[in-house]
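here are the coordinates; sequence isn't available:
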């Protein structure tokens, strides 16, 4: 089917989302059915207004540089389109003869694809529509992992390596807050920082395992008694009794998807640090906190090579599915070799299977006490993240 | 003079302080006058109790790894010794026949060296005592730069590169808080993130140039009007009218040197973001904030190669001064070639010249409006930091 192609990027940026963009452009350029290749500026917002960039004329050198650059080169958005928006998108698509639509993003993005797809079917508009997975949260269903996650995990692991060395040099309690509202995948990556017995993080708290603030203090006190120090990885989404976010009472701001805004604020870390310092059984125990920021998703120069490779692959594969005759779907990643260097392949799954719902950490990846990860999680994650800097010590 | 040698690390860790440690060990190992080479655990604290590590038997491979590892391998402290402590140190030194003392740290550390040196002279205790410069704050007098600073600057620049790409993808206002209580050197390094016209950071606020909160909001509003977004680099030590820290009212905790504790807390960033959002003339302007954490001083794998090289050199040179017959002093760094690849050499200066006082950013490095750096600052900093990751964009 001849026609024009459009690509959008949605949701939070990652270190490798531009790999997927370049993967789509490169593969699409090889097929005669694809006429113009457009990029929509700021995702659905650009599709509503026809704010497109021509992506046909990029040099290989430029594409290589863009692929290796963090953040979303097309711009992104967090806008959730309503029925009226979706109708408007079809007007723009019709006007520009868009027949291929590739949207890179998380579960909200898959849902947007699903909605647009349903309207297309009803209208009898011939549209090939594909969702390409991306999220540092690693919470998409069906997928072995989500592109963007291994690189963010790599940043988190490196950050905790440095923080643990720092905490060894000046012992005390350090609580680091990691992104991830509903799933603990990224926080759990802190565990990769450990090299030797006694290394931190000594405690890891995930949204999946509610804790009481009293247990939190007791865990830290116990670790401090054992190691003379304690490094804690806590998700921004850690939950208290009843599964309510511990941070919920600290902020009222929500984004247009109705999600609570917990990033970009040190409030949770400060609250936890102050509480622990006040209620610890150790006198003069020094408690500090850092809230890891946007660097988790956009720090340059440290992306995981597996992540980069697979992110590009899912872009390419999406185009292949579309040109092979598939109508719609989400490109899903599965891992073939469980030992050694991992090999990945893709399947095409129904859009609604990936839309909306989030994949939490399975119980087998979390320890009994709910304050650490298991060896099987490390086995899952390590091949995705790759080698970390070597550490020397006395 | 035959005798034993001791090394200590003090103050905040850096990415290259272990280069200085290894530089001392390697150079000391070449001289017969030096008998045992000890490392004091946690700086002066280890010297008070005789908590030493033998550093003679380290393999070259191990030393190379340690040198490249962030944080302080011997452990560090922020303890300011009093008269009684200093007397105690001499008892321990006498008992262990310490004749050479190398202390790596900032101006507080130089002051400790100065005090111990004065006592040594009074007592007639033959001690060769040398301060080796180290601080991410870059605020030591006399020195062209302080080892540890270029690597921290590199982290800050990379972080701002990522944050600016992120802010281009989802436009809004982002305020990032950078370490540096009294001097803006590290915050100013954010300027290296800029590649093209319009790139952030769009505003840089340093402790050296007091601002009113109203001017702060107006600057951001103006940049937002021009670029549709605004990335701000603000020092944790930014000052209001009268030179009082804007953050002073937010925390009461002080360290044993009497310094206000502003790190490890997102309070300043949150306060600024909330204030700007509330008082902006732009409706619905989205303001986020990150407070850069300990990663600034201990993130692994990204150290500046110039920094690593000079940090090692100052350690080696300190030993050479000591063995050549110099009695005491601080190793100071000067830059020879102003163009191209920088060449550095050292001088030995009096301890008290480096002790206590901090070097602020000179006026020529700050723009007229007090909200950015100048081209001459970039010229100063860029050769220290080295190449940053390349950026590709559409």
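Cool, the structure landed. Quick caveat: nothing in here was measured; it's all calculated off a predicted structure. Numbers count the residues shown, from 1 in each chain, chains lettered A, B, ... in the order given.

Neighbours of the residue in the stretch 151-300 of chain A positioned nearest to chain B, how many?
Distances between the stretch 151-300 of chain A and chain B by Cβ to the nearest Cβ are smallest at residue A:266, namely 1.4 Å. (C-beta placed from N, C-alpha, C; glycine too.) As a burial measure, residue A:266 scores 25 neighbours (other Cβ atoms under 10 Å in any protein chain shown).

wait, isn't it in contact with residue B:291?
Yes. If you go by Cβ atoms under 8 Å, residue A:266 and residue B:291 touch, sitting 5.5 Å apart.

so what sits against both of the two?
Listed as contacting both residue A:266 and residue B:291 by Cβ atoms under 8 Å, 6 or more residues apart in numbering or on different chains are A:291, B:265, B:266, B:269.

Tell me the spacing between the closest residue to residue A:351 other than its chain neighbours and residue A:107.
Once flanking residues are discounted, residue A:351 sits nearest to residue A:114: 4.1 Å by Cβ to Cβ, 6 or more residues apart in numbering or on different chains. For residue A:114, the distance to residue A:107 equals 10 Å [Cβ to Cβ, to the nearest Å].

domain ranges for chain A?
Taking automatic domain parsing as the reference, chain A has its domains at A:3-148+A:302-354, A:151-300+A:361-385.

Looking at the first one now, give me its mean pLDDT.
Predicted confidence along domain A:3-148+A:302-354 averages 95 (mean pLDDT).

For it, measure first residue to last.
27 Å (Cα to Cα, to the nearest Å).

Name the SS class of the closest residue to residue A:323 other than its chain neighbours, please.
Residue nearest to residue A:323 in three dimensions, not counting chain neighbours: residue A:31, with 5.1 Å by Cβ to Cβ, 6+ apart. Per DSSP: H, G, I helix; E, B strand; the rest coil, the local secondary structure of residue A:31 is coil.

Residue A:31: neighbour count?
Count around residue A:31 with other Cβ under 10 Å applied: 13.

wait, doesn't it sit right on residue A:316?
No. Using Cβ under 8 Å, residue A:31 makes no contact with residue A:316, being 11.3 Å away.

State the distance from the nearest residue to residue A:372 once chain neighbours are set aside to residue A:238.
Leaving out its chain neighbours, the residue that sits closest to residue A:372 by Cβ to Cβ, 6+ apart is residue A:204, at 5.1 Å. Note on residue A:204: its distance to residue A:238, by Cβ to Cβ, is 10 Å.

Same question for residue A:158.
Residue A:158 sits 22 Å away from residue A:238, taking Cβ to Cβ as the criterion.

Number of residues surrounding whatever residue of the stretch 1-150 of chain A ends up closest to chain B?
Of all residues in the stretch 1-150 of chain A, the one sitting closest to chain B is residue A:65 (2.7 Å; Cβ to the nearest Cβ). By the criterion of other Cβ under 10 Å, residue A:65 has 19 neighbours.

what sits against residue A:370?
Here residue A:370 is in contact with A:205, A:206, A:209, A:210, A:211 (Cβ under 8 Å, 6+ apart).

I'd say the first one and residue A:234 touch.
The one in question is residue A:205. Yes. Residue A:205 lies in contact with residue A:234 (Cβ under 8 Å); the separation is 4.5 Å.

Which neighbours do the two have in common?
Counting by Cβ under 8 Å, 6+ apart, the contacts common to residue A:205 and residue A:234 are residue A:187.

Show me where chain A has its strands.
Counting by DSSP state E, chain A has strands at residues A:3-9, A:34-40, A:52-54, A:98-105, A:128-133, A:173-178, A:203-205, A:230-235, A:287-291, A:328-335, A:344-349.

do the second one and chain B meet at all?
Meaning strand A:34-40. Yes. Counting by Cβ under 8 Å from any Cβ of the partner chain, contacts between strand A:34-40 and chain B involve residue A:39.

what's next to that strand, contact-wise?
For strand A:34-40, contacts defined as Cβ under 8 Å, 6+ apart pick out A:2-8, A:21, A:25, A:28-29, A:46-47, A:51-56, A:73-74, A:96-98, A:100, A:319, A:323, B:394.

So which bits of that strand are buried?
A:34, A:36, A:37, A:38, A:39, A:40 (16 or more other Cβ atoms under 10 Å in any protein chain shown).

For residue A:150, give its distance to residue A:385.
5 Å.

Any chance you could spot the residue sitting in the middle of chain A?
In chain A, the centroid-proximal residue (Cα atoms, centre = their mean) is residue A:136; its distance is 1.2 Å.

check contacts around that one.
Residue A:136 makes contact with A:12, A:14, A:146, A:148, A:149, A:151, A:152, A:179, A:186, A:296, A:297 under the criterion Cβ under 8 Å, 6+ apart.

Just the buried residues of the residues you listed.
For these, buried by 16+ other Cβ under 10 Å: A:12, A:14, A:146, A:148, A:149, A:151, A:152, A:179, A:186, A:296, A:297.

so which of those are also by chain B?
Answer for these near chain B (Cβ under 8 Å from any Cβ): A:12, A:297.

quick one: the helices in chain A?
All helices of chain A, identified by DSSP state H, fall at A:17-28, A:44-49, A:60-67, A:83-95, A:107-123, A:149-169, A:185-188, A:213-227, A:267-279, A:295-298, A:305-324, A:351-354, A:375-385.

looking at these, which is buried most?
Comparing the helices of chain A by mean neighbour count (mean count of other Cβ atoms under 10 Å in any protein chain shown), helix A:185-188 comes out on top with a mean of 30.

starting at the chain centroid, how far to stretch A:52-63?
The chain centroid and the centroid of stretch A:52-63 are separated by 26 Å, computed with Cα atoms, centre = their mean, to the nearest Å.

Provide the contact partners of it at residue level.
For stretch A:52-63, the surrounding residues in contact (Cβ under 8 Å, 6+ apart) are A:6-7, A:22, A:25-26, A:29, A:36-41, A:46, A:66, A:74, A:96, B:392, B:394.
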